[in-house]
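# pasting a predicted model and its sequence here:
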Amino acid sequence: MVEKGLSRFINIKRETKGLINIDPLQTGGRLTDAARSALLDWGDGYSVCDFCRGQLDAIKKPPIYHFVYDALPKFLGADVTRITGGAREGKFIVMNSIAEPGDWIIVDKNSHYTTYVAAERAKLKVKEVPNSGFPNFEINVEDYRNVIEETKKKDRTSKISLIVLTWPDGNYGNFADAKKVAAIAKEYEIPFMLNAAYAIGRLPIDMKDIGCDFIVGSGHKSMAACGPIGIIGINNEWENDVLKKSKYFKSKEIEMLGCTARGAPVITLLASFPHVYERVKKWNKQVEKARKAAAQLQELGINHIGEKPHRHDLMFFESKKLYEISKRHKDGAFFLYKALKKRNIWGIKPGLTKQFKLSTFALNEDELQKVITAFREIIQLAEQAF
Ligand SMILES: *Cc1c(COP(=O)(O)O)cnc(C)c1O
C-alpha cells in the first residue's frame with residue numbers, strides 16, 4: 001500500500017537550513033535573494049517554455065538569448081556557449097561529439113569521477129596523468145607529454161581524442177598550469193577540455209587566454225543556481241561538431257537532446273548572474289580568507305594538504321590529532337561531525353576525522369571565526385577529558 005507511506009512526503013523539511021555549511025559542494029551554489037525569489041516564480045515544470053518558439057536559447061524574454069549569445073561568451077572569453085544539464089553533461093557532450101568509441105582520452109589523476117563516467121558512457125578509454133602524491137598531490141603538466149607518448153607507443157591503432165584537466169580539482173583545490181597543458185595539446189593537435197566546475201562563477205576565467213578548446217562549468221556548484229545546470233564554452237573550430245542539428249528537427253541540437261534546462265534552473269542561473277559577475281572580481285579576497293583559515297587550523301594541529309601557497313577556497317586537511325581523539329572519544333569517529341553539528345556547523349562528513357575537505361567560500365568573517373573557534377573548543381574539550 002503506497003498510501004500508508006504518503007505522509008512521509010508531507011512537509012519535507014531541510015534539516016541543514018540556517019546552519020553554517022562548509023561542505024565545498026554547498027558553498028558556491030547558494031542562491032542569491034534574487035534567484036530565490038525567481039525560483040518561486042518559475043518553479044513550475046516547463047515554466048520558460050511558455051515563451052519558446054522552438055529553440056530554448058532563442059527566448060528573448062526572459063533573456064536566455066542574451067545570456068547564451070552575449071553575456072556568457074564574454075564572461076568566459078568563449079566563441080560559443082550553451083547551457084547544459086551540469087558539468088558532467090558538458091563533458092559527455094564534448095566526448096560524445098568529437099571522439100569515436102574506442103579512442104583514448106587523457107585525464108589528470110585528480111579528475112572528478114564524472115569525467116570517467118562520461119568517458120565510459122561515450123565508450124572511450126581513459127589514461128591518467130599521475131599526481132605527485134602526498135602531501136601536495138600536484139599534477140606535473142609535463143607528464144601529459146609523457147602519457148601522450150606512451151599511449152601512442154603502446155597503441156598504434158586507436159586515436160587520442162581529448163585531453164582533460166580538472167582546474168582546480170575537487171579534492172585538493174589545486175590549479176595545475178592550464179596554459180602549459182594547452183600548449184602541449186596544440187603541439188600534438190589534440191583538443192583540450194578544461195573542467196572548471198569549481199572555477200567558473202568563483203574566479204575570473206578567460207578561455208582564449210588559457211588556450212583551451214572546451215570549458216565546462218557547473219551552475220549549482222559555483223554559479224549560485226538551483227540546478228541541475230551547467231555551461232559549456234566551445235571554440236569556433238569545434239562548433240559544427242559539437243552543435244550538430246537534428247536531421248528531423250532543424251532547430252534542435254542533437255547533443256543537447258533538443259533543449260537542456262527548461263525551467264527554474266536556468267532562471268536562477270540568470271537571476272544570480274549579475275552577482276556572480278561581480279563576485280569573481282573579488283576572488284583574491286576569497287584566496288586570502290582561505291589561507292588565513294588554513295593558517296589558523298594549522299595552529300590547532302589540522303594540516304593543510306595540497307598545493308602551497310594555496311589558491312582556492314576548497315581545501316583538504318589532515319589531522320592526526322583529531323584522529324587520535326576519535327579513537328578515545330565516546331562518539332568515536334563521529335565525534336567531530338556531532339560536535340560541529342552541536343555548534344550549528346555542517347559539512348564535514350559523518351565519520352571523518354583524519355582527513356576531510358572544507359570550503360571557506362560562503363563564510364563571512366564572523367562565521368569563519370565561529371568555525372575556527374569550534375575546532376579549537378572541540379580539541380581543547382577532548383584533551384581536557386582524557
Ligand atoms: C562537482 C564537480 C563536477 C560535477 O558537476 P555537475 O555540474 O554536478 O555535473 C565535475 N567536476 C568537478 C571537478 C566537480 O567538482
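Perfect, I can see it now.

# give the contact list for the residue nearest the centre of the chain.
In the chain, the centroid-proximal residue (CA atoms, centre = their mean) is residue 197; its distance is 2.8 Å. Neighbouring residues of residue 197 by CB atoms under 8 Å, 6 or more residues apart in numbering: 87, 112, 166, 170, 216, 217, 218, 221, 222, 230. Just so you know, the C-beta spots here come from the backbone N, C-alpha and C atoms, and that holds for glycine as well.

# which among those residues are in contact with the ligand?
For the ligand, the contacts drawn from these by CB under 6 Å from any ligand atom are 87, 112, 166, 170, 218, 221, 230.

# which ones are touching the second one?
Think residue 112. Going by CB under 8 Å, 6+ apart, residue 112 touches 87, 88, 166, 169, 170, 195, 197.

# which two in those are spaced the farthest apart?
For the contacts of residue 112, the maximum inter-member distance is 14.9 Å, found between 88 and 169 (CB to CB).

# all strands of this structure, in order?
Secondary structure of the chain (DSSP state E): strands located at 20-21, 80-84, 104-108, 125-129, 160-166, 192-195, 214-218, 230-234, 303-305, 314-318, 345-346, 355-359.

# may I see the ones you listed organised as a markdown table, with distance to residue 337, mean pLDDT and mean neighbour count added?
Output for the strands of the chain, formatted as a markdown table (distance: least, CB to CB, whole Å; pLDDT from 0 to 100; neighbours: other CB atoms under 10 Å):
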| stretch | distance to residue 337 | mean pLDDT | mean neighbour count |
| --- | --- | --- | --- |
| strand 20-21 | 13 | 98 | 20 |
| strand 80-84 | 34 | 98 | 23 |
| strand 104-108 | 30 | 98 | 25 |
| strand 125-129 | 32 | 98 | 18 |
| strand 160-166 | 27 | 98 | 25 |
| strand 192-195 | 29 | 98 | 28 |
| strand 214-218 | 26 | 98 | 29 |
| strand 230-234 | 30 | 98 | 29 |
| strand 303-305 | 19 | 98 | 18 |
| strand 314-318 | 14 | 98 | 22 |
| strand 345-346 | 9 | 98 | 20 |
| strand 355-359 | 9 | 98 | 21 |
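
# quick one, what contacts residue 335?
For residue 335, counting by CB under 8 Å, 6+ apart, the contacting residues are 325, 326, 329, 353, 378, 382.

# okay, the helix or strand bottoming out on mean pLDDT in the chain in CSV with CA atoms only?
Least confident helix or strand, the chain: helix 2-5 with a mean of 82, by mean pLDDT, DSSP states H and E. Backbone C-alpha positions of helix 2-5 (Å, rounded to 0.1, in the frame of the first residue of the first chain) are rendered in CSV as follows:
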residue,chain,number,x,y,z
VAL,A,2,1.6,3.2,-1.2
GLU,A,3,-1.0,5.3,0.7
LYS,A,4,0.4,4.2,4.0
GLY,A,5,3.7,5.8,3.4
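
# got a list of contacts for that helix?
Residues contacting helix 2-5 (CB under 8 Å, 6+ apart): none.
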